[in-house]
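Enquirer: Provide a 3D model corresponding to the input given below.
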Amino acid sequence: MHQLDAASGAQVRLADARAQLDELLATQLAEETGVRGYASTKDPQFLENDKPPDPNFDRVALALESLLRTAAIAHGPQMVEDMRALHLQWEQEIALPLMRNPGSHDAYVQESQGKFLTDALSRDADKVAAALDARAQGVQQALRRQINETFGISAGVVTLFALLALSSAIGRANTMTRLVRERSLVDALQRTLRVSGQHIARTQMAFSYASATREALIGGDLLDAWRGGPERGWILIADASGKGIEAARHAAFAQYALRAIAADARDPAEVVASFNRLFVDTIDDPQAFIVLFLASFESATGTLRYASAGHPTAYVRRGHVIESLPPTGSIIGIERDSAYTSATVQLADGDLVLLATDGLSEARNAAGELFGDERIAALVREAPAEPQAVCDLLVVSADDYSGGVQDDLAILALRVIDEEGSDATFDAIAVGHASG
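Expert: Purely as a prediction, here's the structure:
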């Protein structure tokens, strides 16, 4: 099963290579536009942001060559090397002379020669793009066969959707630095992980999400809710270890795999145990793990059954009484045969379930003191009845306490209502950026 992780990793690298190729073309176009505008108007403002020579072009081109060698794209590195040479020639022979003397009598001839060079650069880029697209299609086909052979068609199809969603998110990214590009990629993917959910009978639900102020620390937080039948629903909160693309990739894998496994199960512990084995067998990184809380809710009886894989921030509010829901097993990814049990909680009308990732409890003030479980419990005890108001209060409180949350935090609140709800009682997800 390590082949699955290797194949999905190959998808990431191919899509990242395509994003870097797009970045090279965007850099060339920006420089061209700036030089042409300056040559025509002699206005230096055209060169303020995109003044040749741009060292970013060489940096990205070398990174792209490395990815193409890793992916064994025939002639790919050489074509990118040709692009580097053409770009350098354009800068030295066209751009810099026009910048020194924009009123030159042969400026038109220089621009025509520059068009010849940039057209050749674009043709090389088209060849690289075609090679990357062909290789990506081959990887997807091989991955589909491997998944279906390994897990069966139902789990395989939904897991493939997660991997394709990641590939699509990466392919749409077009940013000018690697750090900003990674942020864009992960944000695009995480929008697929923070779904608005499905209405679950006899409940009112809300979600909130606050992203970290530090761009480099992007987490794998996941929120989800879906129906398992007319009177049954599932809720999930999870946090994948690490930061950036890998954490988001593991969170996507968790979301789609858990939904697939739960389709044929009723016991949350059974689902979590199956997912733990799948995660250990599939993810080829011994340092990777996931903390999660999975619960099923039976609307006819008001029964919540849950399994918690090391997830500590889980509470039930009954009036002004706060009860914690302790973990029922170890975190995902430590031991393949870890045992999990389900716990049962009987909920009445008005009771509220609150789940949050560790970005809430581990928010720190200037003195390094944690926000902590006691403060969370006190806030939940006095919070308004509406689930969205509870979520928003916690996000704002953590933000104020820490001066801007330092890790992504995700919050889910479910309140039992006294009659069958409607879709109108399901609050849309609130996605926000904490102020710093």
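
Enquirer: right, and D408 touches A210 too?
Expert: Yes: using C-beta atoms under 8 Å, D408 is in contact with A210, at 7.1 Å. Using the backbone N, CA and C atoms, a C-beta is placed for each residue, glycine as well.

Enquirer: any shared contact partners between these two?
Expert: The contact sets of D408 and A210 overlap at G359 (C-beta atoms under 8 Å, 6 or more residues apart in numbering).

Enquirer: what about L236, distance to A363?
Expert: Separation of L236 from A363 (C-beta to C-beta, to the nearest Å): 22 Å.

Enquirer: meant to ask about L352
Expert: Distance, L352 to A363, using C-beta to C-beta: 21 Å.

Enquirer: Now do the helices in the stretch 151-300 of the chain.
Expert: Ranges of helices in the stretch 151-300 of the chain, per DSSP state H, counting those that start in this stretch, are 153-172, 178-193, 244-262, 268-282.

Enquirer: Between D408 and A210, which is the more surrounded one?
Expert: A210 (29 against 23; other C-beta atoms under 10 Å).

Enquirer: Quick check: the more buried one vs S324, distance?
Expert: 22 Å.

Enquirer: what's the answer for L47, then?
Expert: Following C-beta to C-beta, the distance that separates L47 from S324 is 61 Å.

Enquirer: likewise Y108?
Expert: In terms of C-beta to C-beta, Y108 sits 76 Å off from S324.

Enquirer: With A367 instead?
Expert: For A367 relative to S324 (C-beta to C-beta), the value is 26 Å.

Enquirer: Does the residue of the chain most remote from its centre fall in a helix, a strand, or a coil region?
Expert: Farthest-out residue of the chain from its mean C-alpha position, per C-alpha atoms, centre = their mean: H105, at 52.8 Å. The three-state assignment at H105 reads coil, by DSSP: H, G, I helix; E, B strand; the rest coil.

Enquirer: Ramachandran angles for it?
Expert: Backbone torsions for H105, taken as degrees, to the nearest 10, come to phi -70, psi -20.

Enquirer: And it, what's its pLDDT?
Expert: We have a pLDDT of 73 for H105.

Enquirer: Next: T150.
Expert: Predicted confidence (pLDDT) for T150: 51.

Enquirer: now swap in T177 and tell me
Expert: T177 is assigned 40 on the pLDDT scale.

Enquirer: Kindly report the same for V186.
Expert: V186 is given a pLDDT of 46.

Enquirer: repeat for L98
Expert: Taking L98 on its own, its pLDDT is 86.

Enquirer: Leaving aside the residues adjacent along the chain, what's closest to it?
Expert: Once flanking residues are discounted, L98 sits nearest to A39: 4.8 Å by C-beta to C-beta, 6 or more residues apart in numbering.

Enquirer: Let me see the contact set for that neighbour.
Expert: Neighbours of A39 in contact, by C-beta under 8 Å, 6+ apart: L98, P102, A107, E111.

Enquirer: From E335, how far out is the first one?
Expert: For L98, the distance to E335 (C-beta to C-beta) stands at 65 Å.

Enquirer: quick one, which of the two is more surrounded?
Expert: Per other C-beta under 10 Å, whichever of L98 and E335 has more neighbours is L98, with 21 against 12.

Enquirer: Confirm that that one sits in a strand.
Expert: No: applying three-state DSSP, one finds L98 to be helix, outside a strand.

Enquirer: I'd guessed it sits against A107; true?
Expert: Yes: using C-beta under 8 Å, L98 is in contact with A107, at 6.2 Å.

Enquirer: Just the strands from the stretch 251-400 of the chain, written as ranges.
Expert: 290-298, 303-309, 314-318, 321-324, 343-346, 352-356 (DSSP state E, counting those that start in this stretch).

Enquirer: Where does pLDDT dip in the chain?
Expert: Low-confidence segments of the chain (pLDDT under 70): 1-9, 11-12, 49-50, 140, 142-197, 211-219, 244-245, 405-406, 419-436.

Enquirer: can I see the domain layout of it?
Expert: 2-169, 194-433 (automatic domain parsing).

Enquirer: which one of these is the most hemmed in?
Expert: domain 194-433 (a mean of 19; mean count of other C-beta atoms under 10 Å).

Enquirer: can you give me the helices in the stretch 301-436 of the chain?
Expert: Going by DSSP H, counting those that start in this stretch, the stretch 301-436 of the chain shows helices at 358-361, 373-382, 387-402.

Enquirer: Indicate which one of those is closest to S330.
Expert: S330 sits nearest to helix 358-361 of all these, at 15.7 Å, using C-beta to C-beta.

Enquirer: Quick one: residues contacting L360.
Expert: T313, F371, I376, L394, A398, L409, I411.

Enquirer: what two of those have the greatest distance between them?
Expert: F371 and I411 (12.6 Å).

Enquirer: quick one, phi/psi of the residue nearest to L98?
Expert: phi -60, psi -30.

Enquirer: Would you check how far apart it and Q28 are?
Expert: For A39 relative to Q28 (C-beta to C-beta), the value is 16 Å.

Enquirer: do the same with P102
Expert: 20 Å.

Enquirer: Likewise for F253?
Expert: Distance of F253 to Q28, given as C-beta to C-beta: 36 Å.

Enquirer: With Y256 instead?
Expert: Separation of Y256 from Q28 (C-beta to C-beta) stands at 38 Å.

Enquirer: Equivalent analysis for P268, please.
Expert: Distance from P268 to Q28, counting by C-beta to C-beta: 53 Å.

Enquirer: same check, this time on D358
Expert: Counting by C-beta to C-beta - D358 and Q28 are separated by 44 Å.

Enquirer: now do A72
Expert: On the measure of C-beta to C-beta, A72 and Q28 end up 26 Å apart.

Enquirer: Same check on V316?
Expert: In terms of C-beta to C-beta, V316 sits 58 Å off from Q28.

Enquirer: Repeat that for G359.
Expert: With distances taken as C-beta to C-beta, G359 is found 40 Å from Q28.

Enquirer: Surely D16 and L68 touch.
Expert: No: using C-beta under 8 Å as the test, D16 is too far from L68 to be in contact (11.1 Å).

Enquirer: Please identify the nearest residue in space to E81, excluding sequence neighbours.
Expert: In space, E81 comes closest to E65 once its chain neighbours are excluded; the distance is 6.7 Å by C-beta to C-beta, 6+ apart.

Enquirer: The helix or strand hosting that neighbour: how far from the chain's middle?
Expert: Applying DSSP states H and E as the criterion places E65 in helix 55-70. Averaging C-alpha positions (C-alpha atoms, centre = their mean, to the nearest Å) puts helix 55-70 24 Å from its chain's average.

Enquirer: Show me what that helix is packed up against.
Expert: Packed against helix 55-70 by the contact rule (3 or more C-beta pairs under 8 Å, 6 or more residues apart in numbering; DSSP states H and E) you find helix 2-41, helix 76-90.
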